[in-house]
Structures are given as C-alpha cells and as structure tokens.
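Q: pasting a predicted model and its sequence here:
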Amino acid sequence: MKNEEYEVLHTEGSRPVKMWTRGVPVEEAAKKQLRNTATLPFIYKHIAVMPDVHLGKGSTIGSVIPTLGAVIPAAVGVDIGCGMMAAKTTLTASDLPDNLGPLRSAIERAIPHGMSPKTRGHRGRDEGSWQTPPSVVDAAWLQLKDEFDAICLKTPKLKNTNNYRHLGTLGSGNHFIEVCLDEQGSVWFMLHSGSRGVGNAIGTHFIELAKQDMRTHFINLPDQDLAYLAEGTQHYDDYVEAVGWAQRFARNNREVMMQNLIAAVRTVIHKPFQTHVEAVNCHHNYVQKEHHFGKDVLITRKGAVSARAGELGIIPGSMGAKSFIVRGKGNAESFHSCSHGAGRTMSRTEAKRRFNLADQIRATEGVECRKDENVIDEIPMAYKDIDAVMLAQRELVDVVHILKQVVCVKG
C-alpha cells in the first residue's frame, strides 16, 4: 500500500530514505547524497528527509541521520548549533513607528553583524560600542569558559579562535534578525545564528580528523565528506565534548543577541512592554543522543528541527516570506523532526546571476531591510515555496503562529 505521508528511496544494500517531500522539488544531486549516506553501515533504521532538503557538503541539508556507534562531523557541519530564537512581546502593530528605518538602524548598532571591518570578529568588546552592558556577555561566557579551557587543553589551536569575542554577534549569509507581526498583530522578535567562528573551527578540525582516520584505516567511502569518527576512540570522545559545547555556545549567543535586540527596540519604542510571552530557542544543525525505536542513538539534524509531541519550533521563510511557529506532533518515522526553513532552490552564485537589484526590491516590498546587490543571494526566489514546504510536513507539525517580518537585519 502506498504511503501518502512520505516517499521512500530504496537502494540495494542500504537503509531506506524516507522523504517528506510530496509537492516539493528535490534535485537529483541531493538524492545522490542521500543514497550515499544511506549506505553507511552504522545508519540506524532509515534516514528521514525534510521538505526543505537540498544539496549540502557530504550530507544533504534538510536531513535527519540516526547513527549507532559513529558520528559524521561534516553532517553536523561547521555552523554547529545554528538555529532560531523567537520571543512574543506585548507590543502590537499599532505600537510600531510609521517609519521603521530608525528601528532597523538601532538594531544594527546594537548587534554586530556581517563581515565589515567594524564587525569582523571583534567589534564591541574592547571598543565600547555595545549598547548593552558588557556584563551580559561576560555572564554568558562564564557559563562556557571552564569547559572551553578544558577542550583547548586537548586541542590548543581552538584557543586562538573568535570565541568570547563572537558571543552576541550575528554573522552573515542567511543569518538574520527580524521584527515580525503574527496573525493577531502581536509583535515578535526573531533571530537566526549559530556558534560563529569557534564553532566553525571545531567543525573544520574534526572533519579533517575524521578524514585522517579513514585514510589511516583504509576505509573507502562514496564521498570523503562522509568521513566518520567511531565510538570508543579518543577522536570520537573529544568531538562529542566539543560539539556539545559549541551547541551551548550557539544557544547562549542567541540569548545575548535577544537581550541586545530588546534593549535596542526600547531606545526607539518608549512604551513599556514585556517580552518572552511565548519564547522558543531551537537548534537546527546539531547532534545529540535520543531514544528511538527502542534504542539510544545519535541523531544528527542537518537543517532540521526537533518536533517531539507538544514541542515548539521555528520554521522561517526567506527575507520576504512568512515564517511559522509550530508545535511538533512527535512523528516517530521522522525521528520527531521537521524542516528548518524553506530550503534553497539554487546556489548563491546562481541567484546573483539570475536576479538583479530591481528583483530584490520588488521581492522585499513592505519590509524595512537592506536592498542592495550584496544581499541578492538571499532573494526570496532563491528559496522553495514555504507554503508547499509546510503542506508536505503536515503530519510532522501543527502551525501555532504565522509571522510576517516588517524589519529584517542581515549581515
């Protein structure tokens, strides 16, 4: 009997690949990556694929990879702990100023972002440019420092990374900060970022160690970026410790930025308001131990969000499209997961080739945001139709709120 919920990719001698992608196009190159990953001997049960799936490094973005006895560092990636945070406020649409330009400017001043000389890795901490007290950052770093020092004893080169200095910074690419309105006109603050420079360094270091291990043990793989670390080895133990720390860094990073964001908004909107009326802080690039189908397994969500029964998550659209606060249905076959966004349909290079500034301006009409050639790669048309993505995963989540951005800050 045909399953109406998901499709299955079958390859002889490998685990099944279950795809919640009905009505959403999936590139052949992504399917090839999925088949390659499914051949690995330590994959548990099957791979679950979300409707925002697209080509990644080694493994596809938008996939859930359960493993027993091994972990694939490149599947977790280098933006370890990347994810979303959203907070509902007591403000309503009528409380926002008619001109949203000063609000965007206040947010941009408060939160280091992008790769300009002023924000590249060190803005604020020693230059006095932060609008919130340094104690906010210091308090967050104190929760991380001791374990980081212990990790650096094993891997000294991580000490000389942007760690403390990147705490509370946004970065560039598809990372963003938004002020949104929900279906009732309530104001939400939302942001997207991860573990920044230090997470990148950790991911890169262990990806290379995994490749070295494959060469040492003469292990042939369909893709070298599927190199893995075997449980019971020192490299595996060191990675699990470091990746767990990076995920905590990412979560703290979002918390610090949210505090900065709230403080910035208060400098423009003087009406008293409360935040965190409803709040979500969730990873979508991470690995953790979970219990599924009777066993404790490592679940790697590479561009996917945990969606246990009753659990809240965030599924953003592009910078011109709506986003969703969702509640998980606890679908066992998906390993309790849902998509992490709309998912790209083309590379950044292709987006810049295909679209121009006029296209970007039209696509972001009504949103106070950057409208210049440097953000064309983030144009909404470079992403899948978020409505189709949500329809394909209707058995994974229920929609709680629909958010539409009115201000968007990008690096």
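A: Arrived safely, thanks for sending.

Q: my guess is A388 contacts T21. True?
A: No. When contacts are counted by Cβ atoms under 8 Å, A388 is not listed as touching T21 (9.6 Å). For every residue, glycine as well, the C-beta is placed using N, CA and C.

Q: quick check: neighbours shared by those two?
A: Both A388 and T21 are contacted by P51, under the criterion Cβ atoms under 8 Å, 6 or more residues apart in numbering.

Q: of these two, which one has the most company?
A: For A388 against T21, the residue with the higher neighbour count under other Cβ atoms under 10 Å is T21, and the figures read 25 against 15.

Q: let me know the secondary structure of the more buried one.
A: Using DSSP: H, G, I helix; E, B strand; the rest coil as the criterion, the local structure at T21 reads coil.

Q: how about it, phi and psi?
A: The phi/psi pair for T21 (degrees, to the nearest 10) reads phi -130, psi 20.

Q: show me the contacts for the closest residue to it other than its chain neighbours.
A: Nearest non-adjacent residue to T21, counting by Cβ to Cβ, 6 or more residues apart in numbering: P51, 5.0 Å away. The neighbourhood of P51, defined by Cβ under 8 Å, 6+ apart, consists of 20-21, 24, 62, 339, 343, 384, 388-389, 392-393.

Q: where does this structure have low pLDDT?
A: Judged by pLDDT under 70, the chain has its weakly predicted residues at 1-2, 115-134.

Q: now the helices for it?
A: With DSSP state H, the ranges of helices along the chain come out as 28-38, 73-76, 101-110, 134-154, 196-216, 234-268, 348-354, 357-363, 386-392.

Q: what's the last one packed up against?
A: For helix 386-392, the elements it packs on are strand 47-54, strand 312-315, strand 323-328, judged by 3 or more Cβ pairs under 8 Å, 6 or more residues apart in numbering; DSSP states H and E.

Q: hang on, the earlier thing: quick check: the residue nearest to T21 vs I299, distance?
A: With the distance defined as Cβ to Cβ, to the nearest Å, P51 ends up 18 Å from I299.

Q: what does R215 give?
A: If you measure R215 against I299 using Cβ to Cβ, the figure is 27 Å.

Q: between those two, point out the one with more neighbours.
A: Between R215 and I299, counting by other Cβ under 10 Å, I299 is the more crowded of the two (22 against 10).

Q: who's in contact with the more buried one?
A: 64-66, 287-290, 292, 335, 337.

Q: format the residues you listed as JSON lines; extra columns: neighbour count and distance to W188.
A: As requested, the contacts of I299 are arranged in JSON lines below (neighbours: other Cβ atoms under 10 Å; distance: Cβ to Cβ, whole Å):
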{"residue": "V64", "neighbour count": "23", "distance to W188": "27"}
{"residue": "I65", "neighbour count": "32", "distance to W188": "31"}
{"residue": "P66", "neighbour count": "21", "distance to W188": "33"}
{"residue": "V287", "neighbour count": "26", "distance to W188": "29"}
{"residue": "Q288", "neighbour count": "14", "distance to W188": "27"}
{"residue": "K289", "neighbour count": "10", "distance to W188": "32"}
{"residue": "E290", "neighbour count": "16", "distance to W188": "29"}
{"residue": "H292", "neighbour count": "15", "distance to W188": "32"}
{"residue": "F335", "neighbour count": "26", "distance to W188": "28"}
{"residue": "S337", "neighbour count": "28", "distance to W188": "23"}
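
Q: report the angle between the lengthiest strand in the chain and strand 323-328.
A: Of all the segments assigned as strand in the chain under DSSP state E, the longest by residue count is strand 397-410. Relative orientation of strand 397-410 and strand 323-328, computed by axes from the mean of the first three to the mean of the last three Cα atoms, to 10 degrees: 150 degrees.

Q: what is strand 397-410 packed up against?
A: Packed against strand 397-410, as judged by 3+ Cβ pairs under 8 Å, 6+ apart, are the following elements: helix 101-110, strand 176-181, strand 186-193, strand 312-315, strand 323-328.

Q: between helix 234-268 and that strand, find me the angle.
A: Computed with the same axes, to 10 degrees, the direction of strand 397-410 lies at 70 degrees from that of helix 234-268.

Q: any idea which of the contacts of P51 is the one closest to V256?
A: Comparing these against V256 with Cβ to Cβ picks out S339 as the nearest, at 26.5 Å.

Q: which residues does that closest one contact?
A: When contacts are taken as Cβ under 8 Å, 6+ apart, S339 is in contact with 50-52, 62, 303-305, 315, 389, 393.

Q: and which of those is nearest to E231?
A: Of all those, the one with the least separation from E231 (Cβ to Cβ) is A304, at 22.3 Å.

Q: okay, now the closest one: neighbour count?
A: Burial measure for A304: 31 neighbouring residues, criterion other Cβ under 10 Å.

Q: got a list of what it touches?
A: Shown here is A304, whose contacts under the criterion Cβ under 8 Å, 6+ apart are 48, 50, 62-64, 284, 337-340.

Q: try 6 Å
A: A304 makes contacts with 50, 64, 337, 340, as judged by Cβ atoms under 6 Å, 6 or more residues apart in numbering.

Q: same check, this time on R251
A: Counting by Cβ under 6 Å, 6+ apart, R251 touches N281.

Q: run the chain-centre distance for stretch 47-62.
A: 13 Å (Cα atoms, centre = their mean, to the nearest Å).

Q: what about the contacts of A304, which are in strands?
A: Applying DSSP E to these, the entries found in strands are 50, 64, 337.

Q: and which of these is nearest A201?
A: Closest approach to A201 among these (Cβ to Cβ): V64, at 25.4 Å.

Q: give me the beta-bridge partners of that closest one?
A: A48, R301 (DSSP bridges).

Q: how much space between it and H166?
A: Separation of V64 from H166 (Cβ to Cβ): 28 Å.
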